[in-house]
Structure formats: C-alpha cells, structure tokens
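Visitor: sequence and predicted structure, then a few things I'm wondering about:
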Amino acid sequence: MTLISLGIEGTAHSFGAGIVSEDGVILSNVWDMLTPSEGGIHPREASRHHSELGPQIIREAIKTSGVSPNEIDIVSFSRGPGLGPCLRTTATIARTIAIKLNVPLVGVNHCVAHIEIGCLDSGFRDPVTVYVSGGNTQTIAFSGGRFRTFGETLDIALGNMLDTFGRSIGMRFPAGPKIEEAASEVSDYYELPYSVKGMDLSYSGMLTAARRLHSEGVSLSSICYSIQETAFSMLAEVSERALAHTKKNEVLLTGGVAKNNRLTAILEGMAKRHDASFHRVTPTLAGDQGAMIAWTGLLQHRAGDSVTINESSVLPKWRTDEQDIIWRDI
Ligand code: AMP
Ligand code: MG
C-alpha cells in the first residue's frame, strides 16, 4: 500500500496544504499568500489569515487530490522555524486533523522541506542547496547526518531586503518580481556594499545604500539592476566556495527568490564552471507550500520519526542543522 501524506504549511505569510503519495507524486498543492495592501506582514494578521482560510484550503487540497480523507495515512505540519502565532495556528489545525483521522502527526522543519522537495523535483541526491526566501538566506549541504548551514545572512534575508526596499519606494508586497522586471530594463551599475564575511552575507547595508541612491534621484531600474547584480554575486561567491569545499556535484536553487531568472543564470553559470549539475526548483514548488511538508513528512515517518500530540509544540527558532536527518543514508 502506498502511503498518502497531507502536508500543512503555515510558518509565515502563506498557508498551504498539499497531498503527496509515497512514490513522490504530488496529488494536490493549494495555497494562499497574505498580501497586505500596505506595510509588511504582521504575525497576528498572518495567523488570522491562516485560521480563517486554512480549513477551506485543506478541503480544496483533499478534493483536488482525488483521495478521500480516510485514505490519508499521516498528517505533516511545518513545526518551525517561523513566526510564533502562525506556527501555533497551523499546528493546532494539524493536530485536530490527526486526532480526527486517528493517524500519526509528523513535525517537519520548514527549511529541510525546501531542500527535500527540491531533491524530489530535480532527482538530485546530495546537492549544495542555495535557499533564498522572504525569511531565509542559507547555503546548505548534507554532512555527518545533518543539513549543515555553510553560510547564511547575518541580518536580513535576501527576499526581505528586496521586499523592504520595494516597500520604501511604494512597491506592493512581494517586491521581488517587480524589482526583477525593473532591473531587466537597463544595465548601468551603481556601486552598492558587497558584504561577504567568511561564508556569511549581510544585506542591510545594501538596503540603506539603495534607498540613498533613490533619494539622490538615480533611476529605479538602475538601482534594481545594481541590487540584483550585487546581491546575487555575493550568493554566487559563497555557494561556489561551499561547492568547492564539499566537492559535491549538484547545485539546487530553492525558496521564493529562486523564481528570479537573473539569479538562476548566475548560479547556473557558476555550477557549470565546476562541472556540477544545476537545478532551479519548479516555480510552483519554490515558495512556501504544503507539498514540501507532505513529502518531507513521508520521508521522516518512514524512518520512524513522528511526534505525539503532547510533544508537538512548535519550534519558532528551529535551525536547519538542529535536526538529525535519519532518512538519508549518504
Ligand atoms: P517565500 O518566502 O519562499 O514564500 O518567498 C517569497 C519571497 O520571494 C518574497 O520575498 C518575494 O519578494 C520573493 N520573490 C518572488 N519572486 C521573485 C523574483 N522573481 N525575484 C526575486 N524575488 C522574488
Ligand atoms: Mg520558505
């Protein structure tokens, strides 16, 4: 019998539900992202979004998957890292369904799920992963039983930097796609802080400098072009070093910012120079969604890792490298 997993994601602005079978077929993947008309994401508003829309998103995911609720073998949920109120709402929904269906509950690390769905999507076995999203910027590789973070942002995430700069000049959330579009119009470069510290990155100085350029009257497209070239080159530098150090031969780009074509081209070129395969996660699997939680939950459950309801408290600060990855045998 093939196991069926319901995955529920709700760490930040998006709520998603996905149904995935043990053989890696994504039967459904439904989500909705909170897009405030102004300002950023408030954790309380996002959790309200999840509690209001969650049940109907899950219902729709089950309906479009073609499986009936009693065919669901496990309920997987994003246990962390993320915003406390969002995680708690999501966990409460997941626990309720697991109790109702009388099936095991699996607590999934959100960052690990981005990697595992990327591996399913690419067929990669052991990549260097560049995970770039609204809340995370990490270069990750598997070593000694865990996904090790080789480098990460020391302050704000790449997506957050793009969104915050966009917001300050009147772009609506998410600004990343709009910045990409504006950047494609020109190729005149204005210098911005290139801040790589060892394997880590910093984007807050770039944000300040980009805003300054804007107040000095530099054209928006030139600023967007300069932000992209600088920010993405920084990422290419650290991921190239991670690749050379680990001697792996696959590079995986994932997270919401992976939708960016310029970033994809830069990292693809870097991988090619090292004779490594490159894969950018399919856009529908790049951002936060339930299928990645369902799939990782399956891998975890098969290896014997589930939680009891009483022990299923959320882990807002759960780091990628804090989980023993017992389902990988490399
Ligand atoms: P996530 O946090 O994984 O759901 O991804 C959302 C983030 O991806 C937001 O910060 C968006 O601005 C960013 N994003 C989405 N599409 C693009 C794009 N084409 N270029 C750059 N950033 C993007
Ligand atoms: Mg994410």
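Guide: Done, it's in. Ligands and ions are numbered 1, 2, ... in the order given.

Visitor: which helices and strands sit right next to whichever helix or strand G151 is part of?
Guide: If you go by DSSP states H and E, G151 is part of strand 146-152. The helices and strands touching strand 146-152, judged by 3 or more Cβ pairs under 8 Å, 6 or more residues apart in numbering; DSSP states H and E, are helix 110-122, strand 137-143, strand 200-201, helix 220-246. From N, CA and C alone the C-beta is placed, and that goes for glycine too.

Visitor: mind saving the C-alpha coords of it as PDB?
Guide: C-alpha atoms of strand 146-152 as PDB (Å, rounded to 0.1, in the frame of the first residue of the first chain):
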ATOM      1  CA  ARG A 146      22.600  16.800   9.200                       C
ATOM      2  CA  PHE A 147      22.000  19.600   6.800                       C
ATOM      3  CA  ARG A 148      24.800  21.900   7.600                       C
ATOM      4  CA  THR A 149      24.400  25.600   7.100                       C
ATOM      5  CA  PHE A 150      27.700  26.600   5.400                       C
ATOM      6  CA  GLY A 151      26.700  30.300   5.300                       C
ATOM      7  CA  GLU A 152      23.800  32.500   5.900                       C
END
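
Visitor: can you offset everything so residue one is 883?
Guide: From this message on, residue numbering opens at 883, which makes the last subject strand 1028-1034.

Visitor: tell me which helix or strand comes right after that strand.
Guide: Following strand 1028-1034 in sequence, per DSSP H and E, is helix 1040-1050.

Visitor: contacts for that following helix?
Guide: Contacts of helix 1040-1050 with the rest of the structure, by Cβ atoms under 8 Å, 6 or more residues apart in numbering, involve 921-922, 1014-1017, 1019, 1038, 1054-1058, 1060-1061, 1085-1086, 1088-1089, 1092-1093, 1096, 1109, 1113, 1117, 1137-1139.

Visitor: need the per-residue pLDDT for the residue positioned nearest the centre of the chain.
Guide: With distances taken as Cα atoms, centre = their mean, G1137 lies nearest the centre of the chain, 3.6 Å away. Note on G1137: pLDDT of 94.

Visitor: V1100 now?
Guide: So V1100 comes in at 98 (pLDDT).

Visitor: helix or strand for the closest residue to it other than its chain neighbours, which one?
Guide: Counting by Cβ to Cβ, 6 or more residues apart in numbering, V1100 lies nearest to Y1072, which is 6.0 Å off, once chain neighbours are set aside. Under the criterion DSSP H and E, no helix or strand holds Y1072.

Visitor: before we move on, the earlier item: could you check the angle helix 992-1004 makes with the strand holding G1033?
Guide: 100 degrees (axes from the mean of the first three to the mean of the last three Cα atoms, to 10 degrees).

Visitor: coming back round to it: would you agree the residue nearest to V1100 is in contact with L1095?
Guide: Yes - look at Y1072 against L1095 with Cβ atoms under 8 Å: they come within range, at 5.7 Å.

Visitor: what about D1211, how many residues nearby?
Guide: D1211 has 7 neighbouring residues, counting by other Cβ atoms under 10 Å.

Visitor: mind listing what the residue nearest to V1100 touches?
Guide: The contact partners of Y1072, taken as Cβ under 8 Å, 6+ apart, are 1095, 1100, 1104-1105, 1108.

Visitor: run the last query once more with 10 Å
Guide: 1091-1092, 1095, 1098, 1100-1101, 1104-1105, 1107-1109, 1111-1112 (Cβ atoms under 10 Å, 6 or more residues apart in numbering).

Visitor: identify the farthest-apart pair in these.
Guide: With Cβ to Cβ as the measure, no two of these lie farther apart than E1098 and E1111, at 18.6 Å.

Visitor: please work out which residue of the chain is closest to ligand 1.
Guide: Per Cβ to the nearest ligand atom, the residue of the chain with the smallest distance to ligand 1 is G1138, at 1.7 Å.

Visitor: please report the number of neighbouring residues for that residue.
Guide: Count around G1138 with other Cβ under 10 Å applied: 28.

Visitor: so it sits against F1055, correct?
Guide: No - using Cβ atoms under 10 Å, G1138 is not in contact with F1055; the gap is 11.5 Å.

Visitor: which residues are in contact with both of these two?
Guide: The contact sets of G1138 and F1055 overlap at 895, 915, 1016, 1045 (Cβ under 10 Å, 6+ apart).

Visitor: bridging across strands, which residues link to the second one?
Guide: Per DSSP bridges, the residues bridged to M915 are S896.

Visitor: next one: it from G1138, what distance?
Guide: For M915, the distance to G1138 (Cβ to Cβ, to the nearest Å) stands at 9 Å.

Visitor: between the two, what contacts are shared?
Guide: In contact with both M915 and G1138: 895-896, 1016, 1056, 1169-1170, using Cβ under 10 Å, 6+ apart.

Visitor: looking at those, which is nearest ligand 2?
Guide: D1170 (4.4 Å; Cβ to the ion).

Visitor: give me the pLDDT value at the nearest residue to that closest one once chain neighbours are set aside.
Guide: The shortest distance from D1170 to any non-neighbouring residue, by Cβ to Cβ, 6+ apart, is to S896 (4.3 Å). With respect to pLDDT, S896 scores 95.

Visitor: for I939, see how far away S896 is.
Guide: Taken as Cβ to Cβ, the span from S896 to I939 is 10 Å.
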